[in-house]
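Novice: Just the structure for this:
(one chain, ligands or ions: 1)
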Amino acid sequence: MSLKAIRYENNSLEILDQLLLPAQSKYIQVKGVEDGWKVINKMQVRGAPAIAIVGCLSLAVEIHNKHFESKKELRQDIEGKLNYLVSSRPTAVNMKIAAEELIALVNEYSKNAELDLDTMKSNFIQSIEKMLEKDIADNRAIGEHGASKILLSIPGDSLVRVITHCNTGSLATAGYGTALGVIRMLHNMKRIEHVYCTETRPYNQGARLTAYELVHDKIPSTLICDSMVAALMKHRNISAVIVGADRVAANGDTANKIGTYQIAVIAKHHGVPFYVAAPQTSIDLKIISGDRIVIEERPDREMTHIGEHRIAAKGIPCWNPAFDVTPASLIAGIITEKGVFKPDELVREFAS
Ligand SMILES: CSC[C@@H](O)[C@@H](O)C(=O)COP(=O)(O)O
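Specialist: Here you go, the predicted model:
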């Protein structure tokens, strides 16, 4: 089974179909923006950083194979396609931030009289390709900062026990992972005693994907149901909770996988520090608080069925928000590639 969510080589893009994991490892070819939009919307690829990278690479593949008459036509095509990709899933901000940056870049290129059409196209494609390498480097930096921060509050060289939720690993990013990157780093430093990963209903990213990554890396770990977090914190001495983020508002309120908020409330009750690990590309300073974050609601079927098998009574209506917002007051620190910050330090640190 592969841990590589995104394969990109010679202008060809394939993604690992995460709907089939862990039973099957099957790659699907993404031939352009329409395919990119569909694989993101259907959650065949998921996780905020991976969504942005696959969306942008689907555009790179499409424009590589397409003929444009003028720089203006290329610029207009790119802008329209990027805006379309942003609509594929609303909560994670990474695709929106990438689209804004790339639109600014292509506007700059189109005004630059020294750049001809072909150079503009190849420079643009190269800037998308760099996202893959940058994401892995950022994740490693997140891992280092997060591990150091968590170890600061651990006496001597004792080991840590952490809880994580959803999947934030190699499958949700270009590689290594954010919250799971911190866990990987702690494991490399031989400082992990145990990781508890939640099942993450209704879509089971924890049971299917995080559990797979933990077993693959031989990290001592146990799967728990989402409803077991309070009991676990009462009975085991948990050192920290580490989760990822889909969007962090300017005040530090954080949207992440549904169930994150209740874990933060439980952590507060038990005095366990609750950390969010996220790259700068998940921080949305344009949104002042979490109340403004649009929460995606997904089809009832994700709750009523597992695969083809119905597990809920026929006829019962469902409410299926894919994310919730954890208030900044419950967050001990936001672990980024630039360091670990308190929620109220984000604007000072990241406003350009
Ligand atoms: C590094 S991934 C961070 C988040 O995107 C992750 O925690 C999460 O909530 C993923 O949700 P998903 O619905 O699977 O895309």
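
Novice: What segments of the stretch 151-300 of the chain are helices?
Specialist: 179-188, 205, 211-216, 229-235, 260-270 (DSSP state H, counting those that start in this stretch).

Novice: Select, out of those helices, the one closest to Gly32.
Specialist: helix 205 (26.8 Å; Cβ to Cβ). Placement of C-beta: from N, CA and C, glycine included.

Novice: hmm, the closest one in reach of the ligand?
Specialist: Yes: with Cβ under 6 Å from any ligand atom as the criterion, the ligand is reached by helix 205 at Gln205.

Novice: what about stretch 54-74, near the ligand?
Specialist: No: Stretch 54-74 stays clear of the ligand (Cβ under 6 Å from any ligand atom), getting no nearer than 11.4 Å.

Novice: Any chance of the helices of the stretch 151-300 of the chain in CSV with mean neighbour count and mean pLDDT as columns?
Specialist: Formatted as CSV, the helices of the stretch 151-300 of the chain follow (neighbours: other Cβ atoms under 10 Å; pLDDT from 0 to 100):
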stretch, mean neighbour count, mean pLDDT
helix 179-188, 26, 98
helix 205, 27, 97
helix 211-216, 20, 97
helix 229-235, 15, 98
helix 260-270, 19, 98
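
Novice: can you list the ones you listed in a markdown table and add distance to Ile125?
Specialist: Shown next, in a markdown table, are the helices of the stretch 151-300 of the chain (distance: least, Cβ to Cβ, whole Å):
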| stretch | distance to Ile125 |
| --- | --- |
| helix 179-188 | 27 |
| helix 205 | 31 |
| helix 211-216 | 30 |
| helix 229-235 | 44 |
| helix 260-270 | 35 |
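
Novice: Which pLDDT value does the model give Ser352?
Specialist: We have a pLDDT of 76 for Ser352.

Novice: From the ligand, how far out is it?
Specialist: 23 Å (Cβ to the nearest ligand atom, to the nearest Å).

Novice: Number of residues surrounding that residue?
Specialist: 3 (other Cβ atoms under 10 Å).

Novice: residues contacting it?
Specialist: Residues counted as contacts of Ser352 (Cβ atoms under 8 Å, 6 or more residues apart in numbering): none.

Novice: at 10 Å what do you get?
Specialist: Counting by Cβ atoms under 10 Å, 6 or more residues apart in numbering, Ser352 makes contact with Leu285.

Novice: Repeat that for Ile306.
Specialist: When contacts are taken as Cβ under 10 Å, 6+ apart, Ile306 is in contact with 201-202, 204, 312.

Novice: Now do it against the ligand, distance only.
Specialist: 16 Å.

Novice: Just list whatever residues bridge to that residue.
Specialist: His309 (DSSP bridges).

Novice: what do you get for Ser221?
Specialist: Beta-bridge partners for Ser221, by DSSP bridges, are Val195.

Novice: Tell me which residues of stretch 336-347 come out buried.
Specialist: Neighbour-count burial for stretch 336-347 flags 336-337, 339-341, 343, 346 (criterion: 16 or more other Cβ atoms under 10 Å).

Novice: Name the member of the residues you listed with the shortest distance to Gly175.
Specialist: Distance to Gly175, by Cβ to Cβ, is smallest for Glu337 among the buried residues of stretch 336-347, at 14.0 Å.

Novice: Looks like the closest one contacts Arg140 (just checking).
Specialist: Yes: contact criterion Cβ atoms under 10 Å: Glu337 and Arg140 qualify, at 8.4 Å.

Novice: which ones are touching Thr222?
Specialist: 194-197, 211, 214, 228, 232, 236.

Novice: That one and Met228: what is the separation?
Specialist: 10 Å (Cβ to Cβ, to the nearest Å).
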